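Participant: Sharing a model prediction with you, sequence too.
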Amino acid sequence: MWLPRPIYEAKPYASILIGLVCFAVAWWVERSPRSALFVLGGGLVTIGVLLAMKRRDYRSTQSDYDPRAIDE
């Protein structure tokens, strides 16, 4: 699935932000969906952090093997 670059780059940060908002809402809500919001928030924060880390690692390894930097 192709996404425009600004959306692709913002996905991990949006996931982390939405997860933190779920945590904040769960903190103030006194009703039954509280535990579900904590689980959803934790999952979104985890996914966002993992995406950001995987992208950072991929970009650092790809720069080590840049095909334009081949010495002849």
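Facilitator: Cool, got the structure.

Participant: Which residues are in contact with the residue nearest in space to the middle of the chain?
Facilitator: Of all residues in the chain, the one closest to the mean position by C-alpha atoms, centre = their mean is residue 48, 1.8 Å from it. Contacts for residue 48 (C-beta atoms under 8 Å, 6 or more residues apart in numbering) come out as 11, 12, 13, 14, 15, 16, 17, 19. Every C-beta, even on glycine, is put in place using the N, C-alpha and C of the backbone.

Participant: Which of the helices or strands spans the fifth one?
Facilitator: Meaning residue 15. Assessed by DSSP states H and E, residue 15 sits inside helix 5-28.

Participant: And that helix, what's buried?
Facilitator: 12, 15, 16, 19, 22, 23, 26 (16 or more other C-beta atoms under 10 Å).

Participant: and which of the residues you listed is nearest residue 57?
Facilitator: residue 12 (12.9 Å; C-beta to C-beta).

Participant: contacting residues around the closest one?
Facilitator: 48, 49, 51, 52, 55.

Participant: low-confidence ranges in the protein?
Facilitator: The model of the chain has pLDDT under 70 over residues 63-72.

Participant: Kindly list the main-chain dihedrals of residue 31?
Facilitator: With angles defined as degrees, to the nearest 10, residue 31 sits at phi -100, psi -170.

Participant: separation between residue 3 and residue 53?
Facilitator: For residue 3, the distance to residue 53 equals 19 Å [C-beta to C-beta, to the nearest Å].

Participant: Distance from the longest helix along the chain to the middle of the chain?
Facilitator: In the chain, with assignment by DSSP state H, the single longest helix is helix 34-64. Per C-alpha atoms, centre = their mean, to the nearest Å, the displacement of helix 34-64 from the mean C-alpha position of its chain is 4 Å.

Participant: Return the member of the buried residues of helix 5-28 nearest to residue 43.
Facilitator: Using C-beta to C-beta, the buried residues of helix 5-28 come closest to residue 43 at residue 19, 7.2 Å.
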